[in-house]
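A.B. asks: Structure of the sequence below:
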Amino acid sequence: MELKDIVTISGMGGLHKKIAERPNGMVVCPLGEKQNKFVPSRKHNFTQLDNITIYTQEDTKPLDEVLDAMYKATKTTPLIDVKAKPDELRAYFEKIVKDYDSEKVYVSDIQKVIKWYMQLDAHKYFETKAKKTTKDSKESTKKAEAKKAPAKANVKKNSAAKPKISAKATAKKKPATTMKASGRKA
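C.D. replies: Model (predicted):
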């Protein structure tokens, strides 16, 4: 499960996994459930989580980076309650995203991000992501080592396997018969 597969839908609470897209809507499944549901685009707006960014003082920060920072921070500081006071929410969020723009990022935005984090964490998103990244990094190092080792072996094999061709063997041979303009053999 990746953030590009998870959507938030206006008018519907929670996060949903995208199953299929249709011209007039989307088939989704609420996280943690198995029942698919068609949601029409005439009534609802869809936003993929990987398209969401948080305003910072200089630019924006992708939601994926913010959620990763929250995951790392929960090891040292507990996750704040969504219904905490606005000043406490802002202080917590400032620990996560140090340079967030406090004028553009509202308390309701911080609450949404915390709710999304809680839902994703409940469905083991961060554990599976951590396992996937460690697995991918191990595979990439194995591939890099495999490319280096056989390349040296292939050079030795290929140089020994190629026969030496003399200049006489490479010269073109003349054809035994020639054709005249009439097409008859001479």
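
A.B. asks: ok, longest strand in the protein?
C.D. replies: Longest strand in the chain, counting residues (DSSP state E): strand 15-22.

A.B. asks: What strands flank the helix or strand that that strand is followed by, and is each parallel or antiparallel?
C.D. replies: Downstream of strand 15-22, the next assigned helix or strand under DSSP states H and E is strand 25-30. The pairing partners recorded for strand 25-30 under DSSP bridges are strand 15-22 (antiparallel), strand 37-40 (antiparallel).

A.B. asks: ok, Val66 - contacts?
C.D. replies: Contacts for Val66 (CB atoms under 8 Å, 6 or more residues apart in numbering) come out as Ile54, Ile96, Val97, Val113. Every C-beta, even on glycine, is put in place using the N, C-alpha and C of the backbone.

A.B. asks: Quick check, Lys17 in contact with Val28.
C.D. replies: Yes: the pair Lys17 / Val28 is scored as a contact, 6.5 Å apart, by CB atoms under 8 Å.

A.B. asks: anything in contact with each of those two?
C.D. replies: Common neighbours of Lys17 and Val28 are listed as Val7 (criterion: CB under 8 Å, 6+ apart).

A.B. asks: Settle it for me: which of these two has more neighbours?
C.D. replies: Neighbours per residue (other CB atoms under 10 Å) separate Lys17 from Val28, with Val28 holding more: 23 against 17.

A.B. asks: Can you name the residues that contact that one?
C.D. replies: Contacts of Val28 (CB under 8 Å, 6+ apart): Val7, Ile9, His16, Lys17, Lys18, Ile19, Asn36, Lys37, Val39.

A.B. asks: and what of Lys115?
C.D. replies: Going by CB under 8 Å, 6+ apart, Lys115 touches Val82.

A.B. asks: Please tell me how far it sits from Arg42.
C.D. replies: Applying CB to CB, to the nearest Å, the value for Lys115 to Arg42 is 26 Å.

A.B. asks: And for Ile80?
C.D. replies: Ile80 is 37 Å from Arg42, by CB to CB.

A.B. asks: same check, this time on Glu88
C.D. replies: Per CB to CB, Glu88 is found 40 Å from Arg42.

A.B. asks: what do you get for Pro23?
C.D. replies: For Pro23, the distance to Arg42 - CB to CB - is 11 Å.

A.B. asks: Ok, Asp109 next?
C.D. replies: 26 Å.

A.B. asks: Assign a three-state SS to Ile110, would you?
C.D. replies: helix (DSSP: H, G, I helix; E, B strand; the rest coil).
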